[in-house]
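[1] Need coordinates for the below:
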Amino acid sequence: MHAASLAVLQRFYQALQRGDGEAMAACYHPQARFHDPAFGTLQGAEVGDMWRMLCARAEGLQVTFQVREATVQRARVDWQARYRFSRSGRWVNNRIRGEFVLRDGLIVEHRDHFAVWRWARQALGAPGWWLGWTPWLQGQVRRQARAGLAAWRASAAPG
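    You can find the predicted model right below:
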């Protein structure tokens with residue numbers, strides 16, 4: 001494993017374990033791109049702000065991770081997040097595969113993959129069980145996640 005790549009990934013996930021969104025944001029390149037099923041694609045400062053928001057709102061967050069591959073430019077991490085979903089109060093145990101592109105010791109691209117239907121049935125209960133596989137519900141989840149991030153960014157803006 002490449003030492004610098006491994007180090008940034010360990011800093012990133014250890015910061016998530018501590019709920020330190022600021023330290024997570026520092027692991028990204030200023031022009032980073034992030035993508036997952038919940039938020040879609042985020043760029044630049046949005047990426048760090050997403051982690052700041054999620055850490056600030058996290059309830060009962062427990063994270064485990066294992067770096068599977070870390071070369072000079074690419075990495076793959078399997079990780080698991082257990083937390084209480086704030087909208088429903090239900091517990092979620094989400095298994096995620098993170099894929100990374102790294103440059104100069106920072107993350108320039110980050111894609112998280114997880115089973116949306118599995119997540120939806122845990123987070124939303126019966127509606128997630130019945131509709132979690134549909135593009136309609138997945139679109140609703142993405143719109144709510146993006147709206148929450150926009151509101152958080154507006155409230156956290158200086159001035």
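[2] Identify all contacting residues around the one helix or strand Gln66 maps to.
    Assessed by DSSP states H and E, Gln66 sits inside strand 62-70. With contacts defined as CB atoms under 8 Å, 6 or more residues apart in numbering, strand 62-70 is touched by 1-2, 5-6, 9-10, 13, 16-17, 75-83. For glycine as for every other residue, the C-beta is placed from the backbone atoms N, C-alpha and C.
[3] could you point out which element follows that strand?
    The element immediately downstream of strand 62-70 (helix or strand, assigned by DSSP H and E) is strand 74-84.
[4] what angle do that next one and strand 62-70 make?
    Strand 74-84 and strand 62-70 meet at an angle of 170 degrees, taking axes from the mean of the first three to the mean of the last three CA atoms, to 10 degrees as the criterion.
[5] Distance check, Val116 against Ala70.
    27 Å (CB to CB, to the nearest Å).
[6] From the neighbour counts alone, determine which of those two ranks first.
    Remark: of Val116 and Ala70, Ala70 carries more neighbours, 22 against 19, as counted by other CB atoms under 10 Å.
[7] And the strands in this protein?
    In the chain, the strands defined using DSSP state E lie at 28-36, 40-43, 62-70, 74-84, 91-103, 106-113.
[8] Mind checking the ones you listed for the one nearest to Glu22?
    With CB to CB as the criterion, Glu22 lies closest to strand 28-36 of the strands of the chain, at 11.5 Å.
[9] tell me which residues in the closest one are buried?
    By 16 or more other CB atoms under 10 Å, the buried positions in strand 28-36 come out as 28-29, 32-36.
[10] if we can go back for a sec, among the contacts of strand 62-70, name the buried ones.
    5, 9, 13, 16, 75, 77, 79, 81, 83.
[11] which residues touch the fourth one?
    Residues touching Leu16, when contacts are defined by CB under 8 Å, 6+ apart, comprise 24, 51, 55, 61, 63, 65, 81.
[12] let's go with 10 Å and repeat that
    23-24, 27, 51, 54-55, 58, 61, 63, 65, 79, 81 (CB atoms under 10 Å, 6 or more residues apart in numbering).
[13] what's the closest of those residues to Ala145?
    For the contacts of Leu16, the closest approach to Ala145 (CB to CB) belongs to Leu54, at 9.7 Å.
[14] Tell me the spacing between the residue nearest to the closest one when sequence neighbours are not counted and Arg103.
    Spatially, and ignoring its direct neighbours in sequence, Leu54 is nearest to Gly21 (6.9 Å; CB to CB, 6 or more residues apart in numbering). Computed with CB to CB, the distance linking Gly21 and Arg103 is 22 Å.
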